[in-house]
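Asker: Take this sequence and fold it.
(2 chains)
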Amino acid sequence: GNSVTQMEGPVTLSEEAFLTINCTYTATGYPSLFWYVQYPGEGLQLLLKATKADDKGSNKGFEATYRKETTSFHLEKGSVQVSDSAVYFCAPPRPKIIFGKGTRLHILP
Amino acid sequence: DAGVIQSPRHEVTEMGQEVTLRCKPISGHNSLFWYRQTMMRGLELLIYFNNNVPIDDSGMPEDRFSAKMPNASFSTLKIQPSEPRDSAVYFCASSWGRAGLAGEKTYNEQFFGPGTRLTVL
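Answerer: Prediction:
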């Protein structure tokens, strides 16, 4: 089946720092992959997705490239802002998703 | 579209009382999910429905929890009797998926509601 392994948090960075949150996957075939974000007091929302190998998803300055050779889908942002403080979840496209605790990101002003 | 609608947004009740949480999925979506989120355990899938049929309820903690989906636009999650350890934020989510002619399945992203914060005293 399809599953992902995501780095544990919390991650604390200063504003304008570079961000990487690691996510690796195991999959039969090459399904699409998702990054979700949960802002304080809200439900999860889709941040970005990639639908096939070598695809790059991007949104709000965040990027993730679906790399077949390293089975990775790391989330990156060149310059984080305080408003990016949230919990981030990497997920495969299956109905039964093991979201867990995600990676909590704190951005200090 | 109004998105996934959940009610109530907050619920405070006493131990032993029955609690009913409600969800209206996005129109046209054929899958519905109930999750529970706590600091200790993170976000856990309780049950999910496809075309109003429960597909996997292995995450339902115990018999005190039950969920129904009488039609495509409404679902309930009931806890009877409630206990303090049930205190959590409960999320409902919906999505659209399809099965291809060759049996392959396509699952799209899930859209989450704002959640119901349940406190059992």
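
Asker: now the helices for chain A?
Answerer: Counting by DSSP state H, chain A yields no residue ranges for helices.

Asker: ok, and the helix or strand in it with the lowest average confidence?
Answerer: Ranked by mean pLDDT, DSSP states H and E, the helix or strand of chain A with the weakest confidence is strand A:3-6, at a mean of 82.

Asker: Mind exporting the C-alpha coordinates of that strand to CSV?
Answerer: Taking Å, rounded to 0.1, in the frame of the first residue of the first chain, the C-alpha atoms of strand A:3-6 are listed here in CSV:
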residue,chain,number,x,y,z
SER,A,3,2.3,5.4,3.0
VAL,A,4,4.5,8.4,4.0
THR,A,5,7.0,9.1,6.7
GLN,A,6,7.2,12.7,7.9
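
Asker: so does that strand get close to chain B?
Answerer: No: using Cβ under 8 Å from any Cβ of the partner chain, we find that strand A:3-6 stays clear of chain B, coming within 11.0 Å at best. Any C-beta I mention is one placed from the backbone N, CA and C, and that applies to glycine too.

Asker: all helices in chain B, in order from the N-terminus.
Answerer: Assigned by DSSP H, the helices in chain B number zero.

Asker: Give me every residue in it lying close to chain A.
Answerer: With Cβ under 8 Å from any Cβ as the criterion, chain B meets chain A at residues B:4, B:31, B:33, B:35, B:41-45, B:48, B:50, B:55-56, B:91, B:93, B:95, B:97, B:106-115.

Asker: Tell me the buried residues within those residues.
Answerer: Buried members of the residues of chain B next to chain A, counted by 16 or more other Cβ atoms under 10 Å in any protein chain shown: B:4, B:31, B:33, B:35, B:42-45, B:48, B:50, B:91, B:93, B:95, B:97, B:107-115.

Asker: what sits against the residue nearest to the spatial centre of chain B?
Answerer: With distances taken as Cα atoms, centre = their mean, B:Trp34 lies nearest the centre of chain B, 1.9 Å away. Each residue near B:Trp34 by Cβ atoms under 8 Å, 6 or more residues apart in numbering or on different chains is listed here: B:23, B:45-48, B:67, B:75, B:77, B:90-92.

Asker: next one: B:Arg64
Answerer: For B:Arg64, the contact set (Cβ under 8 Å, 6+ apart) comprises B:79-83, B:86.

Asker: do A:Val82 as well
Answerer: So A:Val82 contacts A:15, A:107-109 (Cβ under 8 Å, 6+ apart).

Asker: got a winner among these for most neighbours?
Answerer: Highest neighbour count within the contacts of A:Val82, by other Cβ atoms under 10 Å in any protein chain shown: A:Ile107, with 19 neighbours.

Asker: Chain B versus that one, what's the distance?
Answerer: Applying Cβ to the nearest Cβ, to the nearest Å, the value for A:Ile107 to chain B is 20 Å.
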